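[1] Next input, structure requested:
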Amino acid sequence: MRLVEDPELTAATNEFVRGVPLPLVRYHFERGEVEEAAAVARLALNMADCPDADAIEEILDRCSAPPEDWKERLDRFAEDPSLEGWRELMRFVPEDLFYQRHRNSIRYLRKRGVDPNVLFVCACHPGMTPDAIALVEDGLVHVDTILSRADDAGRARGAYVGLAAQAAYLAGDMVGTIRLLRDAMASETEWISAEPHVWFIRERASESEHEALDRAGIPREPE
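    A predicted model of the protein is given here:
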């Protein structure tokens, strides 16, 4: 935590607010604040018409300190993607680099056009990630793919069932959506809640869909 004002940080933050994110990404990266740099970079790259996107992408890539041939390995993986291949690819990634390397690799493979269903399974190894959730919320993953992962998720099963409900909704299957939401609600634990999945669907529902959800006992408001 900085206890004194940093004029460089203030200037970089002001630039970010103006829609110019590169100075803030570079500020954190040059100070070894890799997690902060990567977080700001991903936020920036999700902006429409992100300025300096190539430079930001390069810094994000460097946050995971990949070996020189890493993209060649990813390209070979993309030719025949599988969970087994993904496990082998990630097996010897240093623990302190694993999170960033994992996320950056999924990002690269998604841009390469790898089957989103295979990519979802890989993105969930060893556990659910924001990239896996994004694939579902972009309507790219089949319900059955998500449920197959739920079968091996133990007490986290409800989170995957909730994602499957979102996928069913985006695919236009309202009956399946309700069934899966009920399952997700019944599978809640002290640390797994169905609420994010309910609100994802409620925020997008038409009035007739709201009425169907009401009849099924799906809540409209957080408790």
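[2] tell me the contacts of A78?
    L109, R112, G113, V114 (CB atoms under 8 Å, 6 or more residues apart in numbering). All C-beta atoms are positioned from the backbone trio N, CA, C, and that covers glycine.
[3] That one: what's its closest spatial neighbour, skipping adjacent residues?
    R112 (4.7 Å; CB to CB, 6 or more residues apart in numbering).
[4] again with A41
    L60 (4.1 Å).
[5] check which helix or strand covers the one you found.
    Taking DSSP states H and E as the criterion, L60 maps to helix 53-62.
[6] And that helix, what does it pack against?
    Packing contacts for helix 53-62, counted by 3 or more CB pairs under 8 Å, 6 or more residues apart in numbering; DSSP states H and E, involve helix 22-30, helix 34-45.
[7] Show me the one of those helices that comes nearest E207.
    Among the helices and strands packed on helix 53-62, helix 34-45 comes nearest to E207, with 33.5 Å by CB to CB.
[8] Just the angle for that closest one relative to helix 53-62, thanks.
    Angle, helix 34-45 to helix 53-62, by axes from the mean of the first three to the mean of the last three CA atoms, to 10 degrees: 150 degrees.
[9] Torsion angles phi and psi at G172?
    phi 90, psi 20 (degrees, to the nearest 10).
[10] Give the buried residues for the helix ranked longest in the chain.
    When the chain is scanned for its longest helix (criterion: DSSP state H), the result is helix 95-111. Residues Y99, Q100, R101, H102, R103, N104, S105, I106, R107, Y108, L109, R110 are the ones in helix 95-111 that count as buried (16 or more other CB atoms under 10 Å).
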